[in-house]
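Peer 1: Here you go, sequence then predicted model.
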Amino acid sequence: MESLQDAVFRFAHDVGSPLTVVRTLAQLLTEEPGLGAEQRADLNRILEASKDIHQKLITLREFAARTTPTHSDE
């Protein structure tokens, strides 16, 4: 049976990988010449939201690592 920690790490990876792609593409698009102010603002919102989600994934992994008993604790 999969441990909670393993499930959390898998979830974080499954969410984090496509999030990295979204973040990278948004960063690249902000460098496009001729980008309007509204489009740039939208991309910046995407970047800020992706940073927030990334930080939440880190916090979730840290929480799972602290609360999951090791074999010696069982």
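Peer 2: Yep, it's here.

Peer 1: Nearest residue to the spatially most central residue of the chain in space, please, no chain neighbours.
Peer 2: With distances taken as C-alpha atoms, centre = their mean, His54 lies nearest the centre of the chain, 2.9 Å away. Sequence neighbours aside, Leu19 is the residue nearest to His54 in space, at 6.4 Å (criterion: C-beta to C-beta, 6 or more residues apart in numbering). No exception for glycine: its C-beta is placed from N, CA and C like everyone else's.

Peer 1: residues in contact with that neighbour?
Peer 2: With contact taken as C-beta atoms under 8 Å, 6 or more residues apart in numbering, Leu19 is in contact with Ser50, Ile53, His54, Leu57.

Peer 1: out of those, who's nearest Val8?
Peer 2: Leu57 (9.2 Å; C-beta to C-beta).

Peer 1: What helix or strand is the closest one located in?
Peer 2: Using DSSP states H and E, Leu57 sits in helix 37-67.

Peer 1: tell me which strands and helices that helix is in contact with?
Peer 2: On a contact count with 3 or more C-beta pairs under 8 Å, 6 or more residues apart in numbering; DSSP states H and E, helix 37-67 meets helix 4-30.

Peer 1: which parts of the helix it packs on are buried?
Peer 2: Gln5, Val8, Phe9, Ala12, Gly16, Leu19, Arg23, Ala26 (16 or more other C-beta atoms under 10 Å).
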